[in-house]
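Undergrad: Using only what follows, build the 3D model:
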Amino acid sequence: MKQRIYKAFAFILIMAVIIAGNGCTDLSESVYSELNKSNFYNNKTEVLQAALRPFTHMQAWMAPTGQNGYFYHAELSADQLAWPQKGKHGYDSGDHFRQHYHTWTANEGRMRTAWTLIWTGLGYVNAAIMDLQGVNNESLGISDSEMAAILGELYVLRAFHYMKIMELWGNAPIITTVGEPLNPPTQSKAEIFDFVKTELEAYVPKLLSYSRELVGRVSQTAGYAMLSELYLNAEYFIGEPMYDECIAACDKIISGQAGGIGGNPELAPDLLQTFSNANKDAKEALFQFAFSRLGGFTFGWGGFFMGYSNVSKALDVSYSGWNAFVVIPTAFDAYAENDLRKKEWFLFGPQYEYGTTNPILGTEEYNGKPLVFVNSIRRESEGDFTSEGAMDKGEENSGARFHKYKSGRTSDPNYQENHYMLYRLTEIYFNKAEAIMRKNGGVATQEAVDLINASRKRAFTTEDWEDAKYTISSLTMDELLAERGREFIFEGKRRADLIRFGKFTTARWWDHEPTNNKNLEIYPIPHTQLAANPNLVQNPGYGDVE
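TA: Below you'll find the model as predicted:
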């Protein structure tokens, strides 16, 4: 095989990568012909750099950092977040409208970006696996067991890529070598599912147990969390329930067998710890992107989630955004008024300069007037206070806003040190409870109720808890889906949840009407890919090119 050229990351300090988790948002990196396979793998540090490169790239498509990757499609097609037009801003050729109304085509530019980002990441994984399989690890001071764990991380990460490819596009090629075959054929969801399952089951047990030293790497808690997700969705993907397997994977994590930060993983005691700017030590964390402003790799959620620069004063921060994502009114209404998440995880109501009673003023429809975030998306500045509203009727203050992750003020020593959580223990509790209920014909057991209440209890005061807690009769499947939405809002989980519960194309939310078209549960293969590879087959319902 021709010798591959290596990217210009050879001189990145490995500890900076592990601790800070560099995000790859620029795919136009320079290459240097003098840095190649024959002179790169000289020590353990360089081996780890190669193994970590695919993971750092994954931040470009998995985290909500402004790239039009997995997160954009997982949230804007679902029932909680939208990017409406706000006056003259945000129409963007109707891209976000088509996500919201499920009218996308195979010619979506943002979908092409998502495809390119994810498949580029898969290429990085395959290249690293091929290279490291040929490394004489003992000559570099790496034991056979440690090398097996490093390679295991890459195999597991490749399986994760394919799990998300299967979720978005259903049918796709399975590629395990770089550049071969030239035009790989489409393979079915069932074949991809079997590939992911086989890889995860083979390599997750070989991973290292999670510990503080492995933050920013793929450990056993990450692997078993992936397995729990795969098994939970098996009935949808291949028509074969795997709920016992899901429960077993969850138990590996809950019991502490897979490790944890500072010991066994534990549910956070409150709503803030897991998303704070000190969450690098969050005991609920199972798999995370280790962002760090001090390390030069900030978790920049501002683009999608932050308002214009005037809103920066509300939080005393240095960043602002596009005034893009807002909470859909029916999603905000899903929280009870005494649900503490409604207070802690959103910006809502009048906005003031931090620590004062000085109102922040609008700059568009409310120019010079106090800025008040409202639970509606309609032209209230023009007198419309009663209509349902629509995606083209937004204003600068329309919708509750994101405040789940908190960067702290600019004066905070941990300012913008937040890590991004891919999996956390609460999700494992929810997955196990759902698997138990599905095994029981959709009816809750006391164990399922206890699992969900352990999380939900954080969202209510002691005085309110007796009325707020679930019982066997009140925790229905519909209520479980609603509670998943309330708990995991802003975390990129909602599209997959709606599909698994059969609601993605059949439910109504805000002004979105159901399509009742199951073909829309997977996206079309971008037409540019069909043109480049004649062996690809378009997904049902989309034709060859839209």
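
Undergrad: number of nearby residues for the closest residue to Arg341 other than its chain neighbours?
TA: Spatial nearest neighbour of Arg341, excluding adjacent residues (C-beta to C-beta, 6 or more residues apart in numbering): Ala459 at 4.9 Å. For every residue, glycine as well, the C-beta is placed using N, CA and C. Counted with other C-beta atoms under 10 Å, the neighbours of Ala459 add up to 24.

Undergrad: just Gly368 next, same as before
TA: Residues near Gly368, counting by other C-beta under 10 Å: 7.

Undergrad: where's it relative to Pro359, distance?
TA: Using C-beta to C-beta, to the nearest Å, Gly368 is found at 11 Å from Pro359.

Undergrad: Just the pLDDT at Ala10, thanks.
TA: Here, the pLDDT recorded for Ala10 equals 29.

Undergrad: ok, now Tyr124?
TA: 94.

Undergrad: Excluding covalently adjacent residues, which one is nearest to it?
TA: Pro54 (4.0 Å).

Undergrad: Who are the contact partners of that neighbour?
TA: If you count contacts by C-beta atoms under 8 Å, 6 or more residues apart in numbering, Pro54 has them with Gly121, Tyr124, Val125, Ala128, Leu154, Leu157.

Undergrad: Same list (these) but as TSV, adding neighbour count.
TA: Output for these, formatted as TSV (neighbours: other C-beta atoms under 10 Å):
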residue	neighbour count
Gly121	27
Tyr124	24
Val125	27
Ala128	25
Leu154	26
Leu157	27
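
Undergrad: and of the residues you listed, the nearest to Pro84?
TA: Using C-beta to C-beta, Gly121 comes nearest to Pro84 of these, at 30.3 Å.

Undergrad: what about the spatially most central residue of the chain, helix or strand, and which?
TA: Closest residue to the average C-alpha location of the chain: Gly492 at 4.0 Å, with C-alpha atoms, centre = their mean. For Gly492, there is no helix or strand it lies in under DSSP states H and E.

Undergrad: How much space separates it from Glu75?
TA: 6 Å.

Undergrad: Show me what the helix or strand hosting Val449 is in contact with.
TA: Here Val449, judged by DSSP H and E, is contained in helix 446-456. Residues from elsewhere that reach helix 446-456 (C-beta under 8 Å, 6+ apart): 267, 426, 429-430, 432-434, 436-437, 440, 468-472, 475, 480, 483, 487.

Undergrad: in it, what counts as buried?
TA: Of the residues in helix 446-456, Ala448, Val449, Leu451, Ile452, Asn453, Ser455, Arg456 count as buried by neighbour count, 16 or more other C-beta atoms under 10 Å.

Undergrad: what comes up buried for the next helix or strand after that helix?
TA: The helix or strand immediately downstream of helix 446-456 is helix 462-468, counting by DSSP H and E. For helix 462-468, the neighbour count (16+ other C-beta under 10 Å) marks Ala468 as buried.

Undergrad: repeat for stretch 161-169
TA: His161, Tyr162, Met163, Lys164, Ile165, Met166, Glu167, Leu168, Trp169.

Undergrad: In which helix or strand does the fourth one reside?
TA: With elements delineated by DSSP H and E, Lys164 resides in helix 144-169, which encompasses its position.

Undergrad: that older thread, and which of the buried residues of stretch 161-169 is nearest Ala225?
TA: When these are compared against Ala225 (criterion: C-beta to C-beta), the nearest one is Met163, at 11.3 Å.

Undergrad: State the distance from the closest residue to the closest one other than its chain neighbours to Ala234.
TA: Nearest residue to Met163, sequence neighbours excluded (C-beta to C-beta, 6+ apart): Val196, at 5.1 Å. Distance, Val196 to Ala234, by C-beta to C-beta: 10 Å.

Undergrad: Compare neighbour counts for those two and give me the winner.
TA: Set Val196 next to Ala234 and count neighbours by other C-beta under 10 Å: Val196 wins out with 25 against 18.

Undergrad: my read is that one is in a helix, agree?
TA: Yes - assessed with DSSP: H, G, I helix; E, B strand; the rest coil, Val196 lies in a helix.

Undergrad: Looks like it contacts Tyr162 (just checking).
TA: Yes - Val196 lies in contact with Tyr162 (C-beta atoms under 8 Å); the separation is 5.1 Å.

Undergrad: so where do the strands sit in the protein?
TA: For the chain, applying DSSP state E gives strands covering 5-7, 31-36, 81-82, 285-289, 326-327, 346-347, 349-350, 372-373, 401-402, 420-424.

Undergrad: Among these, which comes closest to Leu227?
TA: Closest among these, once you apply C-beta to C-beta, is strand 420-424, at 10.9 Å.

Undergrad: relative to helix 144-169, how tilted is that closest one?
TA: 100 degrees (axes from the mean of the first three to the mean of the last three C-alpha atoms, to 10 degrees).

Undergrad: And for strand 420-424, what's in contact with it?
TA: 59, 62-64, 221-222, 225-226, 274-275, 279, 282, 284-289, 291, 299, 405, 491.

Undergrad: Ok, stretch 311-323 next?
TA: By C-beta under 8 Å, 6+ apart, stretch 311-323 touches 86, 89-90, 300, 302-309, 347, 351-355, 360, 371, 396, 407, 409-411, 415-416.
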